[in-house]
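[1] got a predicted model here, sequence first, then my questions.
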Amino acid sequence: MNSEITEKKEVQTEDIYRKLFEYTRENMEAAGKAFPCGIDSFMAVIGSEPRNINMEKLKDMHAGDYADALYLSLFQRLPEQTLFQNYADDEKEKILQTAVNEPAFSIRGMALVNNPYPQIKPGLKCRILSLAAVVKNSVFLRKLAKKMPAGLQNKIRGMFT
Amino acid sequence: MKTVYIDISMLMIVTKFTGVQRVVLELGQRIYHDRDLDLVLLEYSQKRDCYEIIDTEQFVKFCKTKTDNRRKMRTGRFLPIREIGKECESDVFFDVDAVWNTRVRRSWLYPILKENHVKIVPFLNDIICITHPHFCPTNDMLNFIDFTGAIVNYADEIIFTSHTTDRYVTELYQMLHVVKPKTHIAPLGGDFHKKISEDRQIGDEIKRIVTSKPYLLMVGTVAPRKNHKLLVDAYESGLKELGVNLVIAGFPGWDTEELINRINNHPDYNTGIFHLSNATDEEIDYLYENCFALAYPSYIEGYGLPIMESLVNGVLIFAADTEINKEIAGELGIYFRQDNPKSLVEAVKEYMDDTDKYQKQKEKIQGYVAPTWEECANKVCMALKNER
């Protein structure tokens, strides 16, 4: 009985996220702009833990949606628009390797659960940059960076995001 | 005594204390002083995947100085997320910071809190990311949908800063066929700490702007939803002819390259149109004191603090006729038709040509009493203390 109630509640809560997504998408499109992400990618991220990312929900997705869901789960942002544009569905391993190589993956100490590609590990550059997390977390240095020209700021930001 | 948890992970990393972070500082320190509430401040620790407890006394000191000694606020004591509220059923989780951008998604956190019988109370300035997503950065918008969904599913009560946001949220609940929980309205404070001293530092450029011609001032981050474009259009379609300059004070925000280029390449840039991206608080005060009026053409706002700042400074306001602007300025505002530069020019002309009318409007504003942060915090504390 209890599990039935829990299940019903889960369907109800999922439905609310779904409807909110659709409503926001309608508002975006009414303003003449394209919505940047598909509903499957968005829904795959709902309820995901801060550090341990369950890859189970992503396994049946097409490459584009997979990349979006992966980046949203790991970094709370979408990948650069052109980064995975021409990737086929059988190239998900490459997408995952690229994501895992992002310095933020190591900096945040992310872990992949139910990962069908357990051999994928962060690269050397990424691990070195993760040590630089200390630098990134310094309020003093962040303030200093804010005084730099916008271009340079973006380059530094790009290293970490 | 009721324990109130606040996640201040964003406050711990930001470099500016305006907008949401200003609200966190103003409310946080007042909740700390409330005898019936035990404030527990939290910061998500990536390394340990749990919350680190923040020293509240250090936090209160920080609220006053805002100097960058935030490391001192970390205690080295940690609270596993699943343990929040396990010891006491009357605990409250009060979300007031920009938490949708933190690692801890509310779609994951709130069900855990709910299971532990923690009362969930978010403080909402606006839901612009949902109603006007084209004005928001993509990633913020996607994260905010998660946050809003979690609120609709799990929040026990909601505190809004305005009736306008309350109305937007009511419509949202109706659309989703969900019963809206109990809500409260706690308008933000307008008791700004203004430094007036003989030796205040005002840049030469700003002194030159102030003394050259009457000017319309617009304060706030340059962003698409603020509709600065309308001001430049209005300048070209009549303000210049009236002899009114334009002063835009605010950092360039997201998606404003085109507008900034237009301003920077304008033939009247630095003679009739000025953009100040690094004005200090003192300089902003000085600009308010000497302006002809504030111009506020924004499409949508959560609150519109510059309107309140203007009223506090006794400054006339020409605002777009939006629901939120009317709620904040009421009959003290002069309204022009949204997205209609000519309508702004006509309104300004009316007050330029008639000094009596201008003076009378100024006198009317002199009687304005702004809501205070103390009042705002009292309303918040009352809501947090309410039994279920």
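    Perfect, I can see it now. Numbering: from 1, shown residues only, chains lettered A, B, ... in the order given.
[2] residues from chain A in reach of chain B?
    A:12-13, A:16-17, A:19-21, A:23-24, A:27-28, A:31-33, A:35-37, A:42, A:45-52, A:72, A:76-78, A:107-109, A:137, A:139-140, A:142-143, A:146 (CB under 8 Å from any CB of the partner chain). Placement of C-beta: from N, CA and C, glycine included.
[3] give the buried subset of the residues you listed as a ChimeraX selection command.
    Only the buried members of the residues of chain A next to chain B end up in this ChimeraX selection, burial being decided by 16 or more other CB atoms under 10 Å in any protein chain shown:
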select /A:13,16,17,19,20,21,23,24,27,28,35,36,37,42,45,46,47,48,49,50,51,72,76,77,78,107,108,109,139,142
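[4] show me the residues of chain A next to chain B that map onto helices.
    Among the residues of chain A next to chain B, the members found in helices (DSSP state H) are A:12-13, A:16-17, A:19-21, A:23-24, A:27-28, A:42, A:45, A:72, A:107, A:139-140, A:142-143, A:146.
[5] model confidence score at the closest residue to A:Y17 other than its chain neighbours, please.
    Leaving aside its sequence neighbours, A:Y17 sits nearest to B:G149 (CB to CB, 6 or more residues apart in numbering or on different chains; 4.0 Å). If you check B:G149, the pLDDT there is 98.
[6] then the one 10 residues further on?
    With respect to pLDDT, B:I159 scores 98.
[7] over to A:N2?
    On pLDDT, A:N2 comes in at 51.
[8] same thing with B:E198?
    67.
[9] residue ranges for the strands of chain B, please.
    Here chain B has its strands, by DSSP state E, at B:2-7, B:37-45, B:50-54, B:74-79, B:92-95, B:119-124, B:157-160, B:182-185, B:215-219, B:245-249, B:273-276, B:293-296, B:317-320, B:334-336.
[10] contacts for the shortest one, please.
    Looking back up the chat, that one is strand B:334-336. The contact list for strand B:334-336 (CB atoms under 8 Å, 6 or more residues apart in numbering or on different chains) reads B:293, B:297, B:316-321, B:325-326, B:343-344, B:346-347, B:351, B:361.
[11] give me the buried subset of those.
    Buried, going by 16+ other CB under 10 Å: B:293, B:297, B:316-320, B:325, B:343-344, B:347, B:351, B:361, out of the contacts of strand B:334-336.
[12] hmm, B:S107 is touching A:Y17, no?
    Yes: counting by CB atoms under 8 Å, A:Y17 is a contact partner of B:S107 at 7.0 Å.
[13] joint contacts of those two?
    A:46, B:146, B:149.
[14] for B:R30, state which of the residues you listed is nearest.
    Distance to B:R30, by CB to CB, is smallest for B:D146 among the shared contacts of B:S107 and A:Y17, at 28.9 Å.
[15] which one is that closest one nearest to, not counting chain neighbours?
    Sequence neighbours aside, B:S107 is the residue nearest to B:D146 in space, at 5.0 Å (criterion: CB to CB, 6+ apart).
[16] give me the neighbour count for the one you found.
    When neighbours are defined as other CB atoms under 10 Å in any protein chain shown, B:S107 has 22 of them.
[17] and the gap between it and B:M1?
    Going from B:S107 to B:M1 by CB to CB, to the nearest Å gives 30 Å.
[18] show me the contacts for the residue nearest to B:D146.
    In this structure, B:S107 makes contact with A:17, A:46-48, B:146, B:149-150, B:153, judged by CB under 8 Å, 6+ apart.
[19] what's the pLDDT at it?
    97.
[20] next one: phi and psi at A:A88?
    Backbone geometry at A:A88, expressed as degrees, to the nearest 10, gives phi -90, psi 170.
[21] so how far is A:D65 from it?
    Distance check for A:A88 against A:D65: by CB to CB, it reads 13 Å.
[22] who has more neighbours out of those two?
    When neighbours are counted by other CB under 10 Å, A:A88 and A:D65 differ, and A:D65 comes out ahead with 19 against 9.
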